[in-house]
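Colleague: kindly generate the corresponding structure for this input.
(4 chains)
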2 protein chains.
Amino acid sequence: MEVRTIDTRERILDAAERLFMAHGYEGTSMRQITGEACVNLAAVNYHFGSKESLMQEVFRRRLDWLNEERMRVLDQLEAEAAGQPVKPSAIVDAFFGTLLRMAGDEKRGGMTFLRLLGRTLTEPSEFIRAFLAHEYKAVMDRYKEALFLALPEVPKAEIVWRFHFMLGATSYAIAGTDALRLVTDWQIEADDSTDRLDRLVPRLMSFLLGGLRAPLPQF
Amino acid sequence: MEVRTIDTRERILDAAERLFMAHGYEGTSMRQITGEACVNLAAVNYHFGSKESLMQEVFRRRLDWLNEERMRVLDQLEAEAAGQPVKPSAIVDAFFGTLLRMAGDEKRGGMTFLRLLGRTLTEPSEFIRAFLAHEYKAVMDRYKEALFLALPEVPKAEIVWRFHFMLGATSYAIAGTDALRLVTDWQIEADDSTDRLDRLVPRLMSFLLGGLRAPLPQF
DNA sequence: TCGTAATTCATACGTTCGTTTTAATCATAG
DNA sequence: CTATGATTAAAACGAACGTATGAATTACGA
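Modeller: Residues are numbered from 1 along each chain as shown, chains lettered A, B, ... in the order given. Below is the predicted model:
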């Protein structure tokens, strides 16, 4: 007489991922999570130790793959370039394209995780920012270095800023169909999120590359 | 024997603004706010009615001016153009430049409010998003319309998306010196935030315009 | 100076939070 | 089947939350 088919741990992670995405870390209670996952309240602390550890596990489950994939793609690009600098557009696609295409992969978290990630980069909680910064550091350094080589005539500080701007644009793009309601009233496209995603990727890529290659500001 | 020099209401609003910026809405308690403001716990409910109303007042105090200023600048641009469409770069500067220059104006909230605003656009709390959407609607519609006229050859849906991307990039740019630590380790510039802001504005403007005018994606 | 309204104060209320505890139930190797 | 370790269950913990209350204090026009 058990409804449980998949593992308790996994059900908790799925529920937490969805709820953190919808209501934020502080806005989601353990009782909501365990309620949605149809597990006992104590199960979270049994399996993960604490709410903070649960949050970290929610991210690690997805970020491990993303980080490896980003490294792998950049490795391949640099191998193909054979000593030549990699094209900026290829680097941008390797970083942001890989992220966006993750949204189409349901078993890697799909849109839900992507929106959670987008939201979390501006999350107020200190421990979350610290955790993400640590989790991301190696990949960030690799991509920064690649962009420095790809754009030797652009000052490094400028590249870092523009990388930051690109992160912000991307974060917004994925974080919010809701946030988009600030800008528009009409339903932008079909409701099917896969279709929306297919058109978002080239749109965002055009924008990011336009920004990255914009004329340098004169101070 | 009173230390109080400025109004209680104002002190509460200042403390709330700073704390909401630093820890988010849900991460900030009434006791933190009244503690930092050196007022009694009950003062918030006496003067504002509730925590939600306080949050709204924190925003209204700043947004009223920002909205009017944005309208005023666009009015002036359109008057000067005398029937001709306004240049996209002028529209972008009127919208985002006005916002960024607000950060240099300490009596309008300065950097603190700007960072709060940047964070809040991705805030999970439903009532905050709803409130901001309502507060912003009229201005957003005006600027969207202006961009449609300024870029007649670009599909409207594309403009809306790019407006959204620009919002994201700007939000990040102002929300986080902290978030920037994801991208870089070195102190970017001088610590003086006014100086940092002076160089941020042209940098961000270049990026935004580069993105806005990027070649259209082909589907 | 007095009286009234506005404000500040200390305190407490009822909830909800994350976590802990102890017992019951399950799976499974010997 | 039984013993043992892993998991789930029900209940309660103390702490912190937003809010409400009623008395004390302040401000200030009459």
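
Colleague: residue ranges with poor pLDDT in chain A?
Modeller: Scanning chain A for pLDDT under 70 picks out A:1-6, A:176-195.

Colleague: quick one, domains of it?
Modeller: When chain A is parsed with automatic domain parsing, its domains come out as A:1-49, A:59-212.

Colleague: most packed of the ones you listed?
Modeller: Comparing those by mean neighbour count (mean count of other C-beta atoms under 10 Å in any protein chain shown), domain A:59-212 ranks first with a mean of 18. Quick note: C-beta positions are derived from backbone N, CA and C, even for glycine.

Colleague: now it: how far from the chain's centre is it?
Modeller: Distance of domain A:59-212 from the chain centroid (C-alpha atoms, centre = their mean, to the nearest Å) equals 6 Å.

Colleague: what's the end-to-end length of it?
Modeller: From its first residue to its last, domain A:59-212 covers 28 Å (C-alpha to C-alpha, to the nearest Å).

Colleague: let me know whether that domain sits next to DNA strand C.
Modeller: No: judged by C-beta under 7 Å from any atom of the strand, domain A:59-212 stays clear of DNA strand C, getting no closer than 11.1 Å.

Colleague: and stretch A:14-21, by the same measure?
Modeller: No: against DNA strand C, stretch A:14-21 shows no contacts by C-beta under 7 Å from any atom of the strand, the least distance being 10.2 Å.

Colleague: ok now that stretch, how far from the chain's centre?
Modeller: 14 Å.

Colleague: okay, the domains of chain A in TSV with distance to B:D141 next?
Modeller: Below are those laid out as TSV (distance: least, C-beta to C-beta, whole Å):
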stretch	distance to B:D141
domain A:1-49	28
domain A:59-212	8
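
Colleague: how about these, which one is nearest B:P217?
Modeller: Closest to B:P217 of the domains of chain A is domain A:59-212 (C-beta to C-beta; 3.6 Å).

Colleague: C-terminal to the longest helix along chain A, what's the next element?
Modeller: Determined from DSSP state H, the single longest helix within chain A is helix A:51-81. Sequence order places helix A:88-92 as the next helix or strand after helix A:51-81, per DSSP states H and E.

Colleague: that next one packs against which elements?
Modeller: helix A:51-81, helix A:126-150, helix A:193-212 (3 or more C-beta pairs under 8 Å, 6 or more residues apart in numbering or on different chains; DSSP states H and E).

Colleague: reformat those helices as JSON lines; add distance to A:R9.
Modeller: Output for the helices and strands packed on helix A:88-92, formatted as JSON lines (distance: least, C-beta to C-beta, whole Å):
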{"stretch": "helix A:51-81", "distance to A:R9": "9"}
{"stretch": "helix A:126-150", "distance to A:R9": "19"}
{"stretch": "helix A:193-212", "distance to A:R9": "26"}
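
Colleague: closest one to chain B among the ones you listed?
Modeller: The closest of the helices and strands packed on helix A:88-92 to chain B is helix A:193-212. By C-beta to the nearest C-beta, the value is 2.5 Å.

Colleague: now the angle from the closest one to helix B:193-212?
Modeller: Relative orientation of helix A:193-212 versus helix B:193-212 (axes from the mean of the first three to the mean of the last three C-alpha atoms, to 10 degrees): 120 degrees.

Colleague: circling back: which strands or helices does the longest helix of chain A pack on?
Modeller: Under the contact criterion of 3+ C-beta pairs under 8 Å, 6+ apart, helix A:51-81 touches helix A:8-23, helix A:88-92, helix A:98-102, helix A:110-120, helix A:126-150.

Colleague: please see if the helix or strand following the longest one touches chain B.
Modeller: So the one you mean is helix A:126-150. Sequence order places helix A:156-175 as the next helix or strand after helix A:126-150, per DSSP H and E. Yes: against chain B, helix A:156-175 shows contacts by C-beta under 8 Å from any C-beta of the partner chain at A:157-158, A:160-173, A:175.

Colleague: distance between the ends of stretch A:78-92?
Modeller: Separation of the first and last residues of stretch A:78-92 by C-alpha to C-alpha is 13 Å.

Colleague: what comes into contact with it?
Modeller: A:74, A:77, A:143, A:146-147, A:149-152, A:166, A:205, A:208-209, A:212-213 (C-beta atoms under 8 Å, 6 or more residues apart in numbering or on different chains).

Colleague: now, the most widely separated pair of these?
Modeller: The largest separation in the contacts of stretch A:78-92, counting by C-beta to C-beta, is between A:P152 and A:M205 at 22.6 Å.

Colleague: make a markdown table out of the helices and strands packed on helix A:51-81 and add distance to A:A82.
Modeller: Converted to a markdown table, those look like this (distance: least, C-beta to C-beta, whole Å):
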| stretch | distance to A:A82 |
| --- | --- |
| helix A:8-23 | 40 |
| helix A:88-92 | 14 |
| helix A:98-102 | 22 |
| helix A:110-120 | 33 |
| helix A:126-150 | 13 |
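
Colleague: take those helices and write them to TSV, including distance to DNA strand D.
Modeller: Formatted as TSV, the helices and strands packed on helix A:51-81 follow (distance: least, C-beta to the nearest atom of the strand, whole Å):
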stretch	distance to DNA strand D
helix A:8-23	3
helix A:88-92	41
helix A:98-102	29
helix A:110-120	20
helix A:126-150	14
